[in-house]
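*Asks:* Need a 3D model of the following:
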Amino acid sequence: MLEQHTELIERLLCDSLTRTSEFNGGWTFTNDGTLYFTVWDKDGTTFFSWSEREPSTSADLQTDSDSVAAYVLTTELGSMRAMALPFDVPRFPSKIDQLHPSWVADKTPLPPALFYHRIEDPSVCFYSSSPFDAVPITYAMEYDLEDLLKKYMA
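*Replies:* Here you go, the predicted structure:
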């Protein structure tokens, strides 16, 4: 699934200071060697990890949805781009009680992970152990992807 997002990733990294390297069969991204965003695929699922000081294989968010993966890549790599270039990016709520009204977060047998899905289309879904990472995605997905990309390409 990750290969189909190569053009999106290249577009977001163009003219930025974000460094990319292969890691765990996927990629890891950093601006300063302190904060890392890592993405990899396994058996049709895309995993995302955020960590400090070194890349991590401990997934914080995972999805089988291509559209969710595109939005996570856009918001995270776009934010890294904004830190390096600097410009303002959209600010989205990040607390579970601020979950976008078109989404639901259900408990799972593996707390603290929650299963997030769109009410109108449950196939648009992901698992996340952190509302701080998950809730902003529910808001970002209310934008058309191309419109959201423009906000991160200043």
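*Asks:* And the residue in the chain sticking out farthest from the centre, which helix or strand is it part of?
*Replies:* Here the centre of the chain is the reference, and by C-alpha atoms, centre = their mean the most remote residue is Pro109, at 23.0 Å. Here Pro109, judged by DSSP states H and E, is contained in no helix and no strand.
*Asks:* and the gap between it and Pro86?
*Replies:* 42 Å (C-beta to C-beta, to the nearest Å). Where you see a C-beta, it was placed from the backbone N, CA and C, and this is true even at glycine.
*Asks:* got it, and Thr138?
*Replies:* 26 Å.
*Asks:* Tell me how far the lengthiest helix in the chain lies from the chain's centre.
*Replies:* When the chain is parsed with DSSP state H, its longest helix is helix 66-84. Distance of helix 66-84 from the chain centroid (C-alpha atoms, centre = their mean, to the nearest Å) equals 6 Å.
*Asks:* Equivalent analysis for stretch 82-91, please.
*Replies:* 16 Å.
*Asks:* Go through that stretch and flag the buried ones.
*Replies:* For stretch 82-91, the neighbour count (16 or more other C-beta atoms under 10 Å) marks 82-84, 89 as buried.
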